[in-house]
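> Need a 3D model of the sequence below.
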Amino acid sequence: MSKERTRVAIIGLDSVPPEMIFDKLLDKLPNIKRMYERGMHGDLETCHPPITVPAWMVMMTGKSPGKLGIYGFRHRRGFSYSDGYIVNSTTVKEETVWQILSKQGKSSIVLGVPPGYPPKQIADVDIVSCFITPGQDKQFTNPPELKEEILSTVGGKYIFDVTFRTEDREAIKNELFEMTEKRFDIAEYLAKTKPWEFFIMHEIGFDRLHHAFWKFFDPKHPKYVKGNQYEHLDEEYYKMVDGRIGRLVELFGDDTVTFIVSDHGSKGMIGAFCVNEWLEQQGYITFKTKPTKMTDIDKSEIDWTKTKAWGWGGYYARIFFNVKGREPNGIIERKDLENEKRSLSSKIMAIKDHNGRQMKNAVFEPDKLYGTAIGDKPDLMVYFDDLNWRSAGTVGHDSLYLFENDTGPDDSVHSMTGIFLMYNPKKNMNSKILKGAKVEDMAPTILKMFGTARDDGTMDGRILPEVLSEA
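Have a look, this model is predicted:
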């Protein structure tokens with residue numbers, strides 16, 4: 001391959017915060033440290049909400065969750081009370097970097113980028129689908145015949161994701177390491193055997209490590225116990241990946257500019273706030289029969305003729321109002337909806353935690369947050385206490401405050417800051433610091449590196465001039 005030809009590679013590490021990789025562990029990660037010292041680094045501000053889906057698509061389309069119409073993994077279907085669906089690749093209607101490059105005749109490799117199932121059929125793009133893939137019996141590659149190459153490379157077993165909401169931590173650990181090693185095996189195979197000018201891989205393992213083990217290795221976590229058997233598992237996993245990154249970057253060669261990025265950060269979870277229990281206390285939900293044990297809100301007997309609003313759980317809360325003429329049994333007049341939003345938002349901002357301390361809550365309206373907000377959006381998006389508390393959507397609890405996740409073991413929550421690291425083998429940037437970068441800036445910047453226009457001018461991200469000058 002010609003040395004003058006532009007090649008760009010992105011190694012995507014899901015949920016990695018700068019505090020972990022740039023501060024705590026950098027000295028123990030020789031390959032990343034070398035790239036850090038010779039390259040450019042900084043924080044990468046994520047989107048609202050700071051969730052894997054939509055964040056990677058915001059990064060790779062340059063467009064907001066509002067323009068994508070993606071507000072999380074699960075969405076409410078229309079104005080139903082209980083019908084929902086899981087986002088997949090077909091939900092994404094906007095063009096990604098590799099689709100735009102394909103039109104320019106440039107080849108790409110896309111490994112595991114979510115939502116990537118089912119894999120789209122795109123010319124000159126080799127795709128292996130992501131962690132939402134139901135299993136290896138499904139068609140998970142483009143072109144279809146690539147599937148057999150993948151399975152052959154990993155000994156017949158490819159792991160898309162691990163079961164991480166379980167108390168069997170040893171099983172999670174073993175599967176986590178196996179999954180990630182195999183992902184990098186595939187990355188190396190594709191990088192060596194397929195033509196490419198743009199390469200991107202995504203590793204979900206960091207997200208699973210953090211959710212399953214954060215309390216074991218973070219002394220600030222409320223449930224941390226010094227001297228536990230997984231106290232250094234973060235270091236062990238990060239070091240393993242550092243070794244694989246070193247091998248991969250060497251394989252890329254001197255004509256490739258490599259980025260290491262994450263979609264958002266992570267931090268320890270304090271607890272879960274029972275949003276629907278609180279809404280009932282505030283008079284927004286009326287039950288026909290109140291559950292006495294933990295029950296999904298979708299499966300509860302709600303009197304919709306007396307209910308004004310309800311919520312969903314997750315790393316943030318989604319609030320839906322019961323509007324006349326919109327929901328099947330709506331009771332709020334459309335002309336009163338804005339007043340109802342303001343009133344409920346004010347009450348949310350006044351919520352205190354279990355110790356009586358004022359929570360640092362935030363409430364967003366999608367239309368105002370994004371400017372354009374299509375698709376099945378909530379009426380309000382709520383972050384509890386700067387995202388330190390997740391939202392528990394289940395009911396049947398005897399308190400507003402839970403100190404375990406209501407949907408299975410979980411030790412961490414998401415934060416608004418991911419990582420950015422740029423490495424150009426031909427330049428020494430002397431640990432240059434990049435400030436003000438956002439996930440949506442990656443797509444227009446990468447396209448500019450290829451000399452490709454910013455699509456049709458509808459991207460929300462900006463081109464990062466500091467990156468171009470070092471590329």
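> Let me see the ranges of the helices in the protein.
18, 30-38, 52-61, 65-68, 97-103, 146-153, 169-193, 205-217, 233-252, 275-281, 337-349, 366-370, 442-449, 465-470 (DSSP state H).
> Nearest to residue 434, out of those helices?
helix 465-470 (5.6 Å; Cβ to Cβ). C-beta coordinates here come from the backbone N, C-alpha and C atoms, glycine included.
> tell me the mean pLDDT for the closest one?
Taken as a whole, helix 465-470 carries a mean pLDDT of 95.
> just checking, residue 44 touches residue 438?
Yes - assessed by Cβ atoms under 8 Å, residue 44 is found in contact with residue 438 at 6.9 Å.
> out of those two, which sits in the busier spot?
residue 44 (27 against 20; other Cβ atoms under 10 Å).
> Now do the contacts for that one.
Going by Cβ atoms under 8 Å, 6 or more residues apart in numbering, residue 44 touches 261, 262, 417, 418, 419, 420, 437, 438, 439.
> Show me just the buried residues among the residues you listed.
261, 262, 417, 418, 419, 420, 437, 438, 439 (16 or more other Cβ atoms under 10 Å).
> Chain neighbours aside, what residue packs nearest to the last one?
To tie it back to what came earlier, the one meant is residue 439. Closest residue to residue 439 apart from its sequence neighbours, by Cβ to Cβ, 6 or more residues apart in numbering: residue 59 at 4.4 Å.
> Tell me who's in contact with that neighbour.
Applying Cβ under 8 Å, 6+ apart, the residues near residue 59 are 261, 263, 439, 440, 442, 443.
> Per-residue confidence at residue 167, what does it come out as?
87.
> What of residue 454?
65.
> Please apply the same query to the one 5 residues further on.
Per-residue pLDDT puts residue 459 at 94.
> how about the spatially closest residue to it that is not a sequence neighbour, what does it touch?
When the adjacent residues along the chain are set aside, residue 459 lies closest to residue 62, with 3.4 Å between them (Cβ to Cβ, 6+ apart). Counting by Cβ under 8 Å, 6+ apart, residue 62 touches 440, 441, 442, 443, 444, 454, 455, 459, 460, 461.
> Next: residue 463.
441, 444, 445, 448, 454.
> Quick one, which of the residues you listed has the minimum pLDDT?
In terms of pLDDT, residue 454 ranks lowest among these, with 65.
> what about the closest residue to residue 247 other than its chain neighbours, neighbour count?
Spatial nearest neighbour of residue 247, excluding adjacent residues (Cβ to Cβ, 6+ apart): residue 188 at 6.7 Å. As a burial measure, residue 188 scores 15 neighbours (other Cβ under 10 Å).
> contacting residues around residue 188?
247, 248, 251.
> Now the last one: closest residue in space that isn't a chain neighbour?
Going back to what we said before, that points to residue 251. Nearest one to residue 251, counting by Cβ to Cβ, 6+ apart, is residue 191 at 5.4 Å.
> list the contacts for that neighbour?
9, 109, 199, 248, 251, 252.
> Restrict these to the buried ones and give me that as a PyMOL selection.
The buried subset of the contacts of residue 191, as determined by 16+ other Cβ under 10 Å, is captured in PyMOL by this line:
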select buried, resi 9+109+199+248+252
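> Can you tell me which of the contacts of residue 191 lies closest to residue 170?
Nearest to residue 170 among the contacts of residue 191, with distances taken as Cβ to Cβ, is residue 248, at 28.1 Å.
> Please determine how far residue 33 is located from residue 95.
Note on residue 33: its distance to residue 95, by Cβ to Cβ, to the nearest Å, is 36 Å.
> Need the per-residue pLDDT for the spatially most central residue of the chain.
Relative to the mean C-alpha position of the chain, the nearest C-alpha, by Cα atoms, centre = their mean, is the one of residue 52, at 1.2 Å. Here the pLDDT value assigned to residue 52 is 98.
> got it, and residue 3?
With respect to pLDDT, residue 3 has a value of 41.
> Ok, residue 408 next?
For residue 408, pLDDT reads 84.
> For it, give me its contacts.
Residue 408 neighbours (Cβ under 8 Å, 6+ apart): 165, 166.
> The chain - how does it break down into domains?
Here the chain is described, according to automatic domain parsing, as comprising the domains 7-268+415-470, 271-409.
> okay, these, which one's buried deepest?
domain 7-268+415-470 (a mean of 19; mean count of other Cβ atoms under 10 Å).
> And that one, end to end?
Domain 7-268+415-470 has an end-to-end distance of 14 Å (criterion: Cα to Cα, to the nearest Å).
> which stretches of the stretch 351-471 of the chain aren't confidently modelled?
For the stretch 351-471 of the chain, the stretches with pLDDT under 70 are 454-456.
> go with 90
Within the stretch 351-471 of the chain, the ranges that satisfy pLDDT under 90 run 404-409, 452-458, 471.
> Same check on the chain?
1-6, 163-167, 404-409, 452-458, 471.
> In contact with residue 183, which residues?
111, 112, 201, 203, 205.
> which of the contacts of residue 59 sit farthest apart?
263 and 443 (13.2 Å).
> still on that earlier bit, which residues does the residue nearest to the centre of the chain contact?
Here residue 52 is in contact with 14, 15, 73, 114, 204, 207, 263, 264 (Cβ under 8 Å, 6+ apart).
> how close does it sit to residue 387?
Residue 52 is 14 Å from residue 387, by Cβ to Cβ.
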